[in-house]
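Colleague: Sequence and predicted structure, then a few things I'm wondering about:
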Amino acid sequence: MSDSPPEVEVSPAVARTAEDIGSMEIRGAATIAAAAAEALGEQAAGSDADSPEAFRAELRAAARVLYDTRPTAVSLPNALRYVLRDVEGETVERLRASVRASVSEFCRRLDNAQTDLGRVGANRLRDGDTIMTHCHSTDVLACVEAAVEQGKSLSAFVKETRPRNQGHITAEALGELGVDVTLIVDSAARRYLNDVDHVLVGADSIAADGSVINKIGTSGLAVNARDRGTPIVCAAQTIKLHPDTLTGHTVDIEMRDEREVVDRETAEEIGDPEVLNPAFDVTPPRYVDAIVTERGQFPPESIVSLMRELFGESTTEPWAEA
Ligand SMILES: O=C(COP(=O)(O)O)[C@H](O)[C@H](O)COP(=O)(O)O
C-alpha cells in the first residue's frame with residue numbers, strides 16, 4: 001500500500017473503478033488488472049491537464065488510488081506498471097495517445113495470454129475427467145473451455161467458497177460450457193477428492209519460491225489433495241508473478257470486513273465473538289504439481305527463472321513509471 005495520499009484529484013472513472021474493486025463488484029486478479037488498466041486510459045482520455053507534467057502527475061495519482069484498493073493480487077501493480085512504463089510524449093495530446101495505445105496493448109496481451117494458457121492447461125485434462133475448483137478463476141475457466149473445445153467431456157465438483165460464494169459464479173460458467181457440475185460446501189471437499197482427477201485453482205500472486213497465493217481455503221484443499229494423491233494445478237498468467245518476492249518481500253494478505261462472515265444481528269446472538277476474515281492464503285510449492293502459464297507449464301520451484309526473465313531483479317512502485 002502507498003504511504004501518502006495522492007497529490008492531485010483523479011477522474012470520476014478512476015474513483016468509480018477503485019470503489020468497484022474495493023467492494024469486489026470488480027474481482028478476480030485478471031479482471032482487476034484489465035479494469036485498472038482501462039481506468040488509467042479513462043484518466044488520460046478525460047484529462048484537461050495544461051502541461052505534460054500536470055498530465056503525468058494525474059496519472060501517478062490515479063495509479064496510487066487504484067493500487068490502494070486491494071493488496072494481494074499482484075496483477076494490479078503489474079498492470080499499472082505495464083501501462084505506465086511505455087508512456088511517452090512531449091505534449092499532453094501525445095501523452096494521451098500513448099497511454100491509450102499502452103492500455104489497448106496491455107488488454108490485448110492479457111486476452112491472448114489467457115487463451116494461450118487455456119490451451120496449455122487443457123492438455124492436462126483427458127476426456128471424462130473430473131475436476132475440483134475453488135473460488136472463481138477466469139484462468140481456470142480458460143483451461144476448461146479449451147478442453148471442451150477439444151471435444152473433451154468433463155465433470156466438476158465446485159466448492160462454494162465461503163464467505164462470498166464465488167463458487168456460484170464458477171458453477172454457472174462451467175454449466176454454460178457443458179460441464180456436469182456438482183456444488184459442494186467447502187468442508188465436503190476432502191470427502192470427494194477420491195472421485196477427482198485434478199484440482200484446478202487460480203492465483204492472485206505467485207511468489208519467487210513457487211508459493212501460490214489464492215482465495216482462502218486453497219492451501220487446505222492442496223494439502224488434502226496431496227494426501228489423497230490428486231494432482232493440484234494452478235492456472236496463472238505471468239501477470240500473477242510477484243516480482244517483489246524476488247527480493248524477499250512477502251505478500252500482504254487482505255483482511256476483509258467481518259460482516260462478510262456474520263451479520264451484526266447474528267453476531268450479537270452468539271455473544272459477539274471476534275471474527276477474522278482473511279481473503280487469501282499461501283500454498284507452499286510442495287503441494288502444487290504445476291503452474292500453468294501462457295508460456296507453458298512449470299514445476300512451482302522453477303517459476304523463479306521465468307520471473308527473472310520477465311521482470312529482472314527488482315521493481316519500482318507503479319507510479320514511479322509515469
Ligand atoms: O482468488 C481469486 C479471486 O478472489 P476475489 O474473488 O477475492 O477477487 C481467484 O482465484 C484469483 O483472483 C484468480 O482469478 P483469475 O484467474 O480470474 O485472475
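Modeller: Nice, I can see it.
Colleague: so is residue 203 in a helix, a strand, or just coil?
Modeller: State at residue 203, reduced to three classes by DSSP: H, G, I helix; E, B strand; the rest coil: coil.
Colleague: Can you pull up the residues of the stretch 1-150 of the chain that come close to the ligand?
Modeller: The stretch 1-150 of the chain comes close to the ligand at residues 27-31, 73, 135, 137-139, as judged by CB under 6 Å from any ligand atom. Every residue, glycine included, has its C-beta placed from N, CA and C.
Colleague: mind running it again at 8 Å?
Modeller: Residues of the stretch 1-150 of the chain lying close to the ligand (CB under 8 Å from any ligand atom) are 24, 27-33, 70, 72-73, 75, 134-142.
Colleague: From these, keep the buried residues only.
Modeller: Buried by 16 or more other CB atoms under 10 Å: 24, 27-33, 70, 72-73, 75, 134-142, out of these.
Colleague: Okay, and which of these map to strands?
Modeller: Using DSSP state E, no member of those falls in strands.
Colleague: Residue 175 against residue 181, yeah?
Modeller: Yes: with contacts counted by CB atoms under 8 Å, residue 175 reaches residue 181, the gap being 5.2 Å.
Colleague: Who has more neighbours out of those two?
Modeller: residue 181 (20 against 13; other CB atoms under 10 Å).
Colleague: Check which helix or strand the more buried one maps to.
Modeller: Using DSSP states H and E, residue 181 maps to strand 180-184.
Colleague: buried stuff in that strand?
Modeller: For strand 180-184, the neighbour count (16+ other CB under 10 Å) marks residue 181 as buried.
Colleague: For it, C-alpha coordinates in PDB please.
Modeller: This file holds the C-alpha atoms of strand 180-184, laid out as PDB (Å, rounded to 0.1, in the frame of the first residue of the first chain):
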ATOM      1  CA  ASP A 180     -21.500 -31.600 -15.400                       C
ATOM      2  CA  VAL A 181     -21.500 -29.500 -12.200                       C
ATOM      3  CA  THR A 182     -21.900 -30.600  -8.600                       C
ATOM      4  CA  LEU A 183     -21.800 -27.800  -6.000                       C
ATOM      5  CA  ILE A 184     -20.400 -28.700  -2.500                       C
END
